[in-house]
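Participant: need a structure here:
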Amino acid sequence: MSIVIRKAIITDCEALLDLIKELAIYEKEPKAVTVSLEHFKQSGFGANPVYWAIVAEHNKIIVGFALYYIRYSTWIGQTMYLEDIIVTESARGNKIGALLFNFLINEAKEKKLVAINWQVLDWNTPAINFYKKYPCTFDDNWVNCKLVL
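Facilitator: Take a look at the predicted model:
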């Protein structure tokens, strides 16, 4: 399978949202995706983007993507936060996740970021096994918190 990894552009947003919805179904939260296409476009490609994304294409069809933003740690400085890395179910097993993740590692190094952080659901064994191929740590000490407004 020939895969092209590139930075996302605004016209990719509809395909990215489709993949996000596919991920939500996989994560047993099919109704959790409430962001509108317009908000998604504006947030990533407007005057002040708050996220960046890279895509994986096969035959000009987006089969995966990763979305990240820069966050600041008062202890270590600027880090990359990987919000999502998604490969459509039909394209899994072709090392696309590794291509995306390795691209992100290089992107973080180029931006002189000191770390990449992300979350993974404790029951998502395929994702956990994927991440274990990298020299990362898993932290059981922190509790996730959220205040919905």
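Participant: assign a three-state SS to Leu67, would you?
Facilitator: strand (DSSP: H, G, I helix; E, B strand; the rest coil).
Participant: burial count for it?
Facilitator: Residues lying near Leu67 (other C-beta atoms under 10 Å) number 22. C-betas here are computed from N, CA, C, even on glycine.
Participant: how close does it get to Trp118?
Facilitator: Distance, Leu67 to Trp118, using C-beta to C-beta, to the nearest Å: 11 Å.
Participant: over to Ala108?
Facilitator: Distance from Ala108 to Trp118, counting by C-beta to C-beta: 12 Å.
Participant: what's the answer for Asp12, then?
Facilitator: Asp12 is 21 Å from Trp118, by C-beta to C-beta.
Participant: what about these two, which has more around it?
Facilitator: Asp12 (21 against 17).
Participant: so that one is in contact with Glu57, correct?
Facilitator: No: taking C-beta atoms under 8 Å as the definition, Asp12 is not a contact partner of Glu57, at 9.2 Å.
Participant: show me where this structure has helices.
Facilitator: Using DSSP state H, the helices of the chain run over 13-26, 37-45, 96-110, 125-131.
Participant: out of those helices, nearest to Glu83?
Facilitator: Shortest distance between Glu83 and the helices of the chain, using C-beta to C-beta, is found for helix 13-26: 9.7 Å.
Participant: helices and strands around the closest one, which ones?
Facilitator: Where contact means 3 or more C-beta pairs under 8 Å, 6 or more residues apart in numbering; DSSP states H and E, helix 13-26 is packed against helix 37-45, strand 52-58, strand 61-73, strand 77-87.
Participant: give me the angle between that helix and strand 52-58.
Facilitator: 90 degrees (axes from the mean of the first three to the mean of the last three C-alpha atoms, to 10 degrees).
Participant: angle of helix 13-26 against helix 37-45?
Facilitator: Relative orientation of helix 13-26 versus helix 37-45 (the same axes, to 10 degrees): 110 degrees.
Participant: so for helix 13-26, mean pLDDT?
Facilitator: In this model, helix 13-26 carries a mean pLDDT of 97.
Participant: now do the buried residues in it.
Facilitator: Neighbour counts over helix 13-26 (16 or more other C-beta atoms under 10 Å) mark 13, 15-17, 19-20, 22-23 as buried.
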